[in-house]
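Student: Coordinates for the following, if possible.
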Amino acid sequence: MLVKTFSSAVYGINATTVTVETLVCPGIHYYIVGLPDSAIKESLHRIESAITTAGYRMPRQKIVVNLAPADIRKEGSAYDLSIALGILAASGQVQGTSLTEYMMLGELSLDGDIQPIKGTLSVALQAKQDGLKGVILPTANAREAAVVQGLEVLAANNLQDVIHFFNEQQKLKRVRIDIEEEFLHHINNYDVDFADVKGQENIKRALEIAAAGGHNVILIGPPGAGKTMLAKRLPTILPPLHLDESLETTKIHSVSGQLHALSSLMTVRPFRAPHHTISDVALVGGGSSPQPGEISLAHHGVLFLDELPEFKRSVLEVMRQPLESRNITISRAKFSVDYPASFMLIAAMNPCPCGYYNHPEKECICGSAAVHHYLSRITGPLLDRIDLHVEVTPVEFNELSGTRNTEKSEVIRERVIQVRKIQEKRFADFPNIHNNAQMNTRTVRQVCQISSSGKQLLQTAMERLGLSARAYDRILKVSRTIADMDSSEQIENKHLAEAIHFRSLDRENWAG
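Tutor: Here you go, the predicted model:
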């Protein structure tokens, strides 16, 4: 008897429906075809034990399982549940009338328990697109899939529960989520706040500019000046995630298996801070079975690289293309996958190996050559792609011990939201551009018009600092953001001057 069930394969952050065709006929041996990997080939041993433990019998006949389309490689253990139900239905132990109404995924333990899987949100979206009635998933993944409205999401703990459901002996628990309530309840749920930071008003100003325009930032200063503390608070002043941004971010974290079992949606912007020993593949994604890297996990959020010069040069250089294109393509011989990577980069570094170059009180023990060598680890092309270079100085004791109230993140965030609204209106007719940092060269020329005196100011800065054409565009983008913060239609000279000030690492002889 031939039976069809439905499962799914995830490629990149999107899912493809896989039809599991199961045939039980006279003969011997078990076969799984359709380009399965080792985990799928081994599934029959797990399935046999799970079926036996549930009180049913594994057919002692020839079993052929085909995973269609057969020209796409299938990986992982999520097909166990669909194959098990197909075998039971083909052998007459499960009613097959409603099998094709549901997509089923889950890894089976030897005792029949159903283990969690990755990529559930992508699977649920594909099931709805295919017009299926619902999905049957491990309980740990059900809340994540329930985000998709108009789809019946059923949670199962073990194989026996699913068998009884199809035999109409019991019902499975249907999981429902009010997506708007879930989204609004947890939005902006941060544990840190800018009110915790004493002093550093000029750095806060720089980070507010960065948040308002979506610009990349590098903080350079001695140890203990507050670089990491400030960086961790940047997401708290970014505008809240839109629902579509939340769904896209959730898909990436779901595919990588990093979504918490009790979570259904990513409601706050991600903040990723990989260690400087990270490899190129771990940062941008890839591997023999491609997975999203840190830059994709930071999509719609912040990627923080602390101790920037300590990262391997090859790791930093592979970021150059994603910083411009805001996506990464992982290519293999037979296929390629695309991962979105629209993130804000914030980096931090010491000015020299000992950390005390230009320190107002402590003496630097590094020679001039050592300082230059340390700074040269950050290449010019990468610095060009960072809009704001901010020098962080130590906080004085009076400021640390003072009781003066400082602005909370929500106050700064409200200002940032108002500036972003100006940009959304400006770029309403520009596809794929939502903030000033995302402008391409043509858009910069249209939007960032400056006066003749402003051109003279910028020309002088270009000549003295030796700036590249890319740095020229970056200055114009930042000055446009500063003008938006002043509610100014035109970019004035003071806006240009402040933007030029934030190119400190471009200054000639900066390191002495």
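Student: Surely residue 195 is in contact with residue 404?
Tutor: No - contact criterion CB atoms under 8 Å: residue 195 and residue 404 do not qualify, at 10.9 Å. The way it works is simple: take the backbone N, C-alpha and C, and place the C-beta from them, glycine included.
Student: which of these two has more neighbours?
Tutor: residue 195 (16 against 7; other CB atoms under 10 Å).
Student: check contacts around that one.
Tutor: The contact partners of residue 195, by CB atoms under 8 Å, 6 or more residues apart in numbering, come to 405, 406, 407, 408, 409.
Student: what ranges of the chain fall below the confidence cut-off?
Tutor: 182-188, 261-263, 397, 399-403, 506-512 (pLDDT under 70).
Student: what bridges to residue 271?
Tutor: residue 302 (DSSP bridges).
Student: re earlier: now list the buried members of the contacts of residue 195.
Tutor: Among the contacts of residue 195, those buried by neighbour count (16 or more other CB atoms under 10 Å) are 406, 407, 409.
Student: Next one: the second one from residue 198, what distance?
Tutor: Taken as CB to CB, to the nearest Å, the spacing of residue 407 relative to residue 198 amounts to 12 Å.
Student: among the buried ones among the contacts of residue 195, which are in strands?
Tutor: Using DSSP state E, no member of these falls in strands.
Student: Nearest to residue 11, out of these: which one, please.
Tutor: Nearest to residue 11, judged by CB to CB, of the buried ones among the contacts of residue 195 is residue 409 at 38.0 Å.
Student: partners of the longest strand seen in the chain in the sheet?
Tutor: Counting residues, the longest strand found in the chain (DSSP E) is strand 14-25. As defined by DSSP bridges, the strand partners of strand 14-25 come to strand 2-11 (antiparallel), strand 62-68 (antiparallel).
Student: what's it in contact with?
Tutor: Under CB under 8 Å, 6+ apart, the answer for strand 14-25 is 1-10, 59, 61-69, 72, 74, 79, 82-83, 86-87, 89-91, 103, 119, 122-123, 125-127, 130.
Student: now residue 233: how far from residue 206?
Tutor: For residue 233, the distance to residue 206 - CB to CB - is 13 Å.
Student: between the two, who's got more neighbours?
Tutor: Neighbour count, other CB under 10 Å: between residue 233 and residue 206, residue 206 has more, with 25 against 22.
Student: ok so the more buried one is a strand residue?
Tutor: No - the assignment for residue 206, made by DSSP: H, G, I helix; E, B strand; the rest coil, is helix rather than a strand.
Student: mind listing what it touches?
Tutor: 217, 388, 390, 502.
Student: From the residues you listed, pick the one nearest residue 320.
Tutor: Nearest to residue 320 among these, with distances taken as CB to CB, is residue 217, at 16.7 Å.
Student: Need phi/psi at that closest one.
Tutor: When quoted as degrees, to the nearest 10, the phi and psi of residue 217 stand at phi -130, psi 140.
Student: circling back to that earlier point, which among the contacts of strand 14-25 count as buried?
Tutor: For these, buried by 16+ other CB under 10 Å: 3-10, 59, 63-67, 74, 79, 82-83, 86-87, 89-91, 103, 119, 122-123, 125-127.
Student: List the contacts of residue 172.
Tutor: With CB under 8 Å, 6+ apart, residue 172 has these contacts: 136, 154, 155, 156, 161, 162, 165.
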